[in-house]
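1. got a predicted structure plus its sequence, pasted below:
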Amino acid sequence: MLGKSKELRSELMDARELDGWLVNSDVIVIDIKFCMADTSHNGLMPQALVIYKEEA
């Protein structure tokens, strides 16, 4: 019998916090996309979009 499939989730975060998030998360990473976001108050900020599913 197959287990329940978990739905895909996404998280947009400051890319500088990605390492800590990955270490402290029990997820299966599907993909990571990086970009730079231009904010009016902080200038350019590195962003990471993580697509993942939770571990079964």
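-> Alright, I've got the coordinates.

2. so where do the helices sit in the chain?
-> Secondary structure of the chain (DSSP state H): helices at 18-23.

3. okay, which residue is most central for it?
-> Nearest residue to the geometric centre of the chain (C-alpha atoms, centre = their mean): V50, 2.5 Å.

4. quick one: pLDDT of the residue nearest to that one when sequence neighbours are not counted?
-> Among residues not flanking V50 along the chain, E11 sits closest, at 4.9 Å (C-beta to C-beta, 6 or more residues apart in numbering). Quick note: C-beta positions are derived from backbone N, CA and C, even for glycine. We have a pLDDT of 93 for E11.

5. contacting residues around E11?
-> 21, 49-50, 52 (C-beta atoms under 8 Å, 6 or more residues apart in numbering).

6. turn those residues into JSON lines, including pLDDT and distance to A37.
-> Compiled in JSON lines, the contacts of E11 are given as follows (pLDDT from 0 to 100; distance: C-beta to C-beta, whole Å):
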{"residue": "W21", "pLDDT": "93", "distance to A37": "17"}
{"residue": "L49", "pLDDT": "95", "distance to A37": "11"}
{"residue": "V50", "pLDDT": "95", "distance to A37": "15"}
{"residue": "Y52", "pLDDT": "94", "distance to A37": "20"}
